[in-house]
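Colleague: Please find the sequence and the predicted model below.
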Amino acid sequence: MAQLADASASYRSRLTRNMNCHDNLKVITGGRCGAVTDEGVVYTDEGGAEQTVSCDSVVMAAGMKPNAEEATALYDPAYRLYTVGDCEKAANVQKAVRAAFSAAITL
């Protein structure tokens, strides 16, 4: 679960515990999805080998990246611009709310 590095320890612990309760759940990290077919998922693993997993359902978390372009388009030296959430740094909702609170109390 190294992919949960940004999650709080309590959330990571609960999620890991809940995921371990399901024998039919397969977690794949570091792969690149190539196709989702009627039979399952075709992906490339971290070593570059193509793999296929037979399954009925797929949940894919593809990661996050910041989206600052829209915020910087609003920039005007005459005003203060505070960026929060994904326009500052890709993060979870908890971190976005904290950043928004920090910005608000400085006004």
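Modeller: Thanks, I have the structure now. All values derive from a computational prediction rather than experimental measurement.
Colleague: Tell me where this structure is predicted with low confidence.
Modeller: Where the chain drops to pLDDT under 70, the residues are 1-6, 63.
Colleague: so how far is residue 107 from the residue of it most remote from its centre?
Modeller: Largest separation from the mean C-alpha position in the chain: residue 78, at 34.7 Å (Cα atoms, centre = their mean). Distance, residue 78 to residue 107, using Cβ to Cβ, to the nearest Å: 16 Å. In short, each C-beta sits where N, CA and C put it, glycine included.
Colleague: give the contact list for residue 66.
Modeller: By Cβ atoms under 8 Å, 6 or more residues apart in numbering, the residues touching residue 66 are 86-90.
Colleague: count of neighbours near residue 77?
Modeller: By other Cβ atoms under 10 Å, the residues close to residue 77 number 6.
Colleague: So which residues of this protein form helices?
Modeller: For the chain, the helices defined by DSSP state H cover 9-19, 69-73, 93-105.
Colleague: CA atoms of the last one as PDB?
Modeller: Once non-C-alpha atoms are left out, helix 93-105 reads as follows in PDB (Å, rounded to 0.1, in the frame of the first residue of the first chain):
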ATOM      1  CA  VAL A  93     -10.200  16.900   0.100                       C
ATOM      2  CA  GLN A  94      -8.900  17.200   3.600                       C
ATOM      3  CA  LYS A  95      -5.800  18.900   2.500                       C
ATOM      4  CA  ALA A  96      -7.700  21.200   0.200                       C
ATOM      5  CA  VAL A  97     -10.000  22.300   3.000                       C
ATOM      6  CA  ARG A  98      -7.000  23.000   5.300                       C
ATOM      7  CA  ALA A  99      -5.300  25.100   2.600                       C
ATOM      8  CA  ALA A 100      -8.600  27.000   2.000                       C
ATOM      9  CA  PHE A 101      -8.900  27.700   5.700                       C
ATOM     10  CA  SER A 102      -5.300  28.900   5.900                       C
ATOM     11  CA  ALA A 103      -5.900  31.200   3.000                       C
ATOM     12  CA  ALA A 104      -9.200  32.500   4.500                       C
ATOM     13  CA  ILE A 105      -7.700  33.400   7.900                       C
END
